[in-house]
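K.L.:
Provided below are the primary sequence and the corresponding predicted coordinates.
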Amino acid sequence: MLSGFAFTEAPRWRDGRLWFSDFYQGRVFSAAEDGSDLRVEAVVEEQPGGLGWLPDGRLLIVSMRDQRILRREADGTLAVHADLAGRMLGYANDMVVDAAGRAWVGGFGYDLMGGAPLAPSGLLRVDPDGSVREVADDLWFPNGMVLTPDGTLLVNETFGNRISAFAVDAAGELGDRRVWARFGDLPVEREFLKMVPELVVSPDGCCLDAEGALWIADATGGRLLRIAEGGTITEEIRPGTNVYACALGGSDGRTLFACAAPDFFEEARRAAREATILSIEVAVPAA
């Protein structure tokens with residue numbers, strides 16, 4: 001559908017368009033459903049990551065390297081919405097924003113690209129006024145997240161072989177932590193290349209469908225998986241390339257958009273334009 005990017009991530013369907021980040025071009029793009037009318041929505045020099053929107057329609061963007069959340073104002077300029085510096089180790093990463101404008105943001109937790117040993121990370125909540133607090137810890141590379149209609153926050157733990165769930169109350173407090181889907185044990189190895197064989201499923205970006213199942217991109221398995229609560233895989237799609245995030249959208253909500261690239265290593269991806277966004281029709285529409 002779309003090609004010629006460095007590394008696409010964080011796809012979102014909104015206002016009849018697909019929105020997504022390109023890490024190493026430092027751009028947030030949007031496109032029409034058929035891939036036409038490609039637009040640059042924002043330039044983020046410190047690497048754009050997760051995307052979301054405030055209730056008034058202003059775009060929020062995770063600026064990964066400097067650990068900030070940026071806010072696109074009505075005139076297109078970018079302002080600092082929240083400063084996360086010192087609240088997490090490694091890059092800031094993905095994000096989900098609720099209807100009240102509260103953002104939940106995860107971080108790498110360690111220097112992944114620099115070869116540091118794996119370490120757990122926390123989850124931050126950013127309120128609409130930009131205030132920041134940690135609301136969960138001991139997450140193994142918190143990544144894609146969704147909020148379900150019944151008020152549950154699902155958090156993919158890419159290097160934890162699991163998806164965790166939290167109940168979210170009216171004030172945005174998290175409770176009732178549980179494992180929503182378990183694919184294997186927590187890895188014993190802390191060196192990345194030694195750890196990968198221990199990963200049964202590496203849940204990266206994700207999206208929720210109308211039946212409450214979660215589509216996930218398996219970051220080390222080269223596949224898209226539809227997961228029911230408890231961890232049952234109900235569908236598997238192997239697109240022939242590695243995939244790192246997905247979103248349901250399109251005019252009927254039945255198009256699964258997937259961010260694909262040969263790998264996720266920064267040096268290789270920054271030097272190439274081999275990343276794509278695939279579109280795949282599925283049976284159950286978006287939630």
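P.N.:
The structure has been received and is ready for your questions.
K.L.:
so what's D56 up against?
P.N.:
Applying CB atoms under 8 Å, 6 or more residues apart in numbering to D56 gives no contacts. From N, CA and C alone the C-beta is placed, and that goes for glycine too.
K.L.:
I'd guess it is in a helix, am I close?
P.N.:
No - D56 is assigned coil when assessed by DSSP: H, G, I helix; E, B strand; the rest coil, not a helix.
K.L.:
buried residues in stretch 97-111?
P.N.:
Using 16 or more other CB atoms under 10 Å as the test for burial, stretch 97-111 gives 97-98, 101-110.
K.L.:
gap between it and the chain center?
P.N.:
9 Å (CA atoms, centre = their mean, to the nearest Å).
K.L.:
just the residues contacting stretch 91-99, thanks.
P.N.:
9-10, 47, 49-55, 60, 62-65, 67-69, 84, 103-108, 112, 142-147, 153, 168, 172, 205.
K.L.:
tell me how far the nearest residue to G4 once chain neighbours are set aside lies from R182.
P.N.:
Distance criterion CB to CB, 6 or more residues apart in numbering; nearest residue to G4, sequence neighbours excluded, is R273 at 5.0 Å. Look at R273 and R182: by CB to CB, to the nearest Å, they are 37 Å apart.
K.L.:
ok, which stretches of the stretch 101-250 of the chain are strands?
P.N.:
103-107, 121-126, 132-139, 142-147, 152-157, 162-168, 174-182, 203-208, 214-218, 223-227, 233-237, 242-249 (DSSP state E, counting those that start in this stretch).
K.L.:
turn the ones you listed into a markdown table, columns for mean pLDDT and distance to E73.
P.N.:
Formatted as a markdown table, these follow (pLDDT from 0 to 100; distance: least, CB to CB, whole Å):
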| stretch | mean pLDDT | distance to E73 |
| --- | --- | --- |
| strand 103-107 | 97 | 17 |
| strand 121-126 | 96 | 17 |
| strand 132-139 | 96 | 20 |
| strand 142-147 | 98 | 25 |
| strand 152-157 | 98 | 28 |
| strand 162-168 | 98 | 28 |
| strand 174-182 | 97 | 30 |
| strand 203-208 | 98 | 27 |
| strand 214-218 | 98 | 31 |
| strand 223-227 | 98 | 35 |
| strand 233-237 | 98 | 38 |
| strand 242-249 | 98 | 25 |
